[in-house]
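*Asks:* Could you look at this predicted model? Sequence included:
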Amino acid sequence: MKQLRWGMIGGGKGAFIGGAHRIAAKIANSYEFIGGVLDVDFERAKEFALEENLDLQRVYPDMDSFIRGEKSMPSNQRMEVVSIVTPNFLHFTQAKKLLQNGFHVICEKPVTFTSSEATELKELAESNQLVFCLTHTYTGYPMVREMKRRIESGAVGTLQRVDVQYLQGWINPIIHGGEAKLATWRLDPAVSGISSCMGDIGVHAFNLLEYTTGLKVKKVLAVLNNLKPENPLDLDGNVLLQFDENLTGIIRSSQIATGEENNLQISVYGTKGGFHWEQEHPNELKMLHEGAPFEVIKPGYDFLSDFAKESFVLPPGHPEGIYEAFGNLYKGAAKAIRKMSLAPGQFPGIDDGIRGMRFIESVVESHRENNTWVSL
Ligand SMILES: NC(=O)c1ccc[n+]([C@@H]2O[C@H](COP(=O)([O-])OP(=O)(O)OC[C@H]3O[C@@H](n4cnc5c(N)ncnc54)[C@H](O)[C@@H]3O)[C@@H](O)[C@H]2O)c1
């Protein structure tokens with residue numbers, strides 16, 4: 001099958017997540033990397049492009065020249081799909097330009113600065129019949145997908161409690177000044193948005209929760225912690241969740257949980273049993289039973305759901321990880337662009353982006369209003 005002509009905005013030399021996108025695109029085996037606006041610094045972008053063997057004619061200094069240059073190409077050469085891997089404040093304007101000009105978009109989270117901007121992107125994607133994939137990476141893991149399908153089929157009964165945590169510690173040495181100030185755009189509201197911890201990682205926890213359970217959080221009550229008065233954004237927080245009357249939950253998230261690496265975990269409990277999954281051990285899904293030992297479910301086996309089975313390639317005992325999870329989102333986006341049939345849940349989209357932004361807005365509002373309940 002012909003490769004999709006693919007570009008990137010950001011993600012050049014030294015960028016954190018851009019490289020993971022390129023590996024994901026390779027794993028998906030559906031994308032040919034053509035060019036883009038690869039760096040805020042055009043000279044560095046060109047150096048990087050040479051390392052990647054890209055045609056310098058397809059490497060642009062800014063979005064406007066990208067749009068002009070690509071639109072002047074014959075349609076069978078023009079880039080078709082573009083990934084946005086820039087800091088948060090750029091996502092909205094860059095995605096808007098791409099959608100207005102006919103490019104499918106793969107975008108990093110948080111999708112925008114506000115839910116109304118995300119709603120605008122949804123309208124643009126729909127009216128132009130373009131695919132919008134939001135890279136909530138963790139939805140690509142086979143065992144997360146297995147949990148989703150099993151919850152849908154009623155394996156643990158009716159859910160009555162959900163518990164998600166996302167704990168990191170990397171900002172701790174920065175905030176206490178013991179380490180040279182690293183790339184901390186995440187602490188700058190003009191670049192990061194209205195939240196650091198909840199906007200950067202709490203939103204992943206929220207997405208994972210709604211993705212796996214299929215439920216919608218109705219209200220939140222948040223207590224956030226900025227740690228120091230001079231720091232304008234939250235670094236840590238606890239968020240109570242209310243779904244329907246008989247289902248509650250919690251999201252605990254932190255960037256100052258000293259010593260933690262990327263400790264994302266989800267537990268859900270139903271009337272018949274539960275599930276527990278940890279991102280740092282992604283190939284083990286624990287299924288909990290009342291009055292009996294738990295089971296450990298792993299990838300590679302025929303007894304798994306079709307959705308989980310299409311999400312790994314290697315036999316049991318050959319661990320796949322975050323790149324393959326990312327690759328699964330890219331595979332889903334390629335199928336959607338090619339108008340192939342899609343099982344539900346193949347990749348998060350702009351609706352998840354709107355939900356994520358409502359989560360961030362509601363959490364910040366709840367904290368500001370002395371920890372009152374706020375509806376999403
Ligand atoms: N899905 C995930 O798990 C995950 C993980 C990490 C980061 N992210 C998200 O990815 C995005 C990027 O984060 P990062 O940590 O890679 O950032 P980064 O600072 O490491 O890289 C940002 C890149 O954007 C480029 N850039 C900046 N301004 C630009 C402009 N005007 N035009 C073109 N390029 C520009 C920079 O040169 C750099 O290449 C953020 O939105 C972040 O939240 C997601």
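*Replies:* Everything's here; your move.

*Asks:* And what about residue 69, helix, strand or coil?
*Replies:* Classification of residue 69 by DSSP: H, G, I helix; E, B strand; the rest coil places it in helix.

*Asks:* What residues of stretch 66-78 count as buried?
*Replies:* Buried residues in stretch 66-78, counted by 16 or more other Cβ atoms under 10 Å: 66, 67, 69, 70, 78. (Each C-beta comes from the backbone N, C-alpha and C, glycine too.)

*Asks:* how much space between the second one and residue 257?
*Replies:* Read it as residue 67. Distance check for residue 67 against residue 257: by Cβ to Cβ, to the nearest Å, it reads 42 Å.

*Asks:* Mind putting the buried residues of stretch 66-78 into CSV with distance to the ligand and pLDDT?
*Replies:* Below are the buried residues of stretch 66-78 laid out as CSV (distance: Cβ to the nearest ligand atom, whole Å; pLDDT from 0 to 100):
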residue, distance to the ligand, pLDDT
66, 9, 98
67, 13, 98
69, 14, 98
70, 15, 98
78, 19, 98
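
*Asks:* per-residue pLDDT, residue 178?
*Replies:* Listed pLDDT for residue 178 reads 61.

*Asks:* what about the residue of the stretch 51-200 of the chain found nearest the ligand, neighbour count?
*Replies:* Residue nearest to the ligand within the stretch 51-200 of the chain (Cβ to the nearest ligand atom): residue 108, separated by 3.5 Å. Using other Cβ atoms under 10 Å, residue 108 has 23 other residues around it.

*Asks:* Confirm for me that it is in contact with residue 89.
*Replies:* No - the pair residue 108 / residue 89 is not scored as a contact, 12.0 Å apart, by Cβ atoms under 8 Å.

*Asks:* list residues touching both of these two?
*Replies:* Here residue 108 and residue 89 have no joint contacts, going by Cβ atoms under 8 Å, 6 or more residues apart in numbering.

*Asks:* Please identify the residue of the protein positioned nearest to the ligand.
*Replies:* Proximity of the chain to the ligand (Cβ to the nearest ligand atom) peaks at residue 10, 2.9 Å away.

*Asks:* Model confidence for that residue, exactly?
*Replies:* Listed pLDDT for residue 10 reads 98.

*Asks:* In three-state terms, how would residue 117 be classified?
*Replies:* With three-state DSSP as the basis, residue 117 sits in helix.

*Asks:* where does the closest residue to it other than its chain neighbours land in three-state SS?
*Replies:* Excluding the flanking residues, the one nearest residue 117 by Cβ to Cβ, 6 or more residues apart in numbering is residue 92, at 4.5 Å. Assigned state for residue 92: helix (three-state reduction, three-state DSSP).

*Asks:* how many neighbours does residue 92 have?
*Replies:* By other Cβ under 10 Å, 20 other residues sit near residue 92.

*Asks:* what's next to stretch 201-208, contact-wise?
*Replies:* Contact with stretch 201-208 is made by 109-110, 136-139, 144, 164-166, 168, 195, 217, 237, 239, 251, 253, 255, 264, 266, 348, 352, 355-356, 359-360, 363, as judged by Cβ under 8 Å, 6+ apart.

*Asks:* could you redo the last one with a cut-off of 7 Å?
*Replies:* Stretch 201-208 has contacts (Cβ atoms under 7 Å, 6 or more residues apart in numbering) with 109-110, 136, 138-139, 164, 166, 168, 237, 239, 251, 253, 264, 266, 348, 352, 356, 359-360, 363.
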